[in-house]
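[1] A structural model of the following input is requested.
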Amino acid sequence: MSGPAYDLEIIETFRAAPATVFAAWTDTDRLVQWWRIPGYTTPRDRAAIELREGGVWSVTTVSDADGSSIPFRGTIRVADSPSRLVLSLDNEPSAEAEQHSEMVIDLVAVAEGTRMEFHHHGFGGADDKAELQGGYSSVFFPSLAAYLASA
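    Okay, the predicted model is just below:
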């Protein structure tokens, strides 16, 4: 990747035990219920998680309007249930740069349930940081919270 790599940290608290939050990230049937982008769905047959260090994970969201897709994939670097998950995020190379970043999810039991300390390291640029911050804070993590509240 050319240019500087950026880091992002988001802390969220969920009303669920750490093991439940960990399972929401690592069990494919659960993950597809909350891994959503507005206007897209995540079909069960387009997601897979090989839950072991060195295992591969992949999730593809599909546009409700035209069937186009957005793939996410990487390698599981650490799977320490129920407290820590480290995932590489390896996007397709583009004309500009190949993107390899890392998501670190630390889960800590607190009185309210679980504090998730989410760190995304090594992505492309300042514009990416703002877009990711908004996406995680306004889409992904609220969707995860809603899923956990209904589970």
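
[2] give me the number of residues near the nearest residue to T42 once chain neighbours are set aside?
    Among residues not flanking T42 along the chain, V32 sits closest, at 4.4 Å (Cβ to Cβ, 6 or more residues apart in numbering). In this view, the C-beta of every residue, glycine as well, is placed from N, C-alpha and C. Residues lying near V32 (other Cβ atoms under 10 Å) number 18.

[3] residues near I76, how many?
    By other Cβ under 10 Å, neighbour count at I76 equals 19.

[4] swap in G134?
    10.

[5] just to revisit the earlier point, give me every residue that touches the residue nearest to T42.
    Counting by Cβ atoms under 8 Å, 6 or more residues apart in numbering, V32 makes contact with T42, P43, R44, A47, V59.

[6] mind redoing it with 6 Å?
    Going by Cβ atoms under 6 Å, 6 or more residues apart in numbering, V32 touches T42, R44, A47.

[7] cool, T26 as well?
    Contacts for T26 (Cβ under 6 Å, 6+ apart) come out as I49, L51.

[8] So for F140, what's the pLDDT?
    Here, the pLDDT recorded for F140 equals 89.

[9] Which neighbouring elements make contact with the helix-or-strand element of the chain with minimal mean pLDDT?
    When each helix and strand of the chain is scored by mean pLDDT, DSSP states H and E, helix 126-135 comes last, with a mean of 76. If contacts are counted by 3 or more Cβ pairs under 6 Å, 6 or more residues apart in numbering; DSSP states H and E, helix 126-135 sits against strand 6-14.

[10] Buried residues in the helix or strand following the strand it packs on, which are they?
    Using DSSP states H and E, the helix or strand that follows strand 6-14 in sequence is helix 18-26. Neighbour-count burial for helix 18-26, counted by 16 or more other Cβ atoms under 10 Å, picks out P18, T20, V21, F22, A23, A24, W25, T26.

[11] now, which of those sits nearest A109?
    P18 (5.3 Å; Cβ to Cβ).

[12] need the contact list for the closest one.
    When contacts are counted by Cβ under 6 Å, 6+ apart, P18 is found next to P82, L107, A109, T114.

[13] Could you look up the SS state of the residue found closest to V21 once you drop the neighbours it is linked to in the chain?
    In space, and not counting its chain neighbours, V21 is closest to T114: 4.7 Å by Cβ to Cβ, 6+ apart. Three-state assignment for T114 (DSSP: H, G, I helix; E, B strand; the rest coil): strand.
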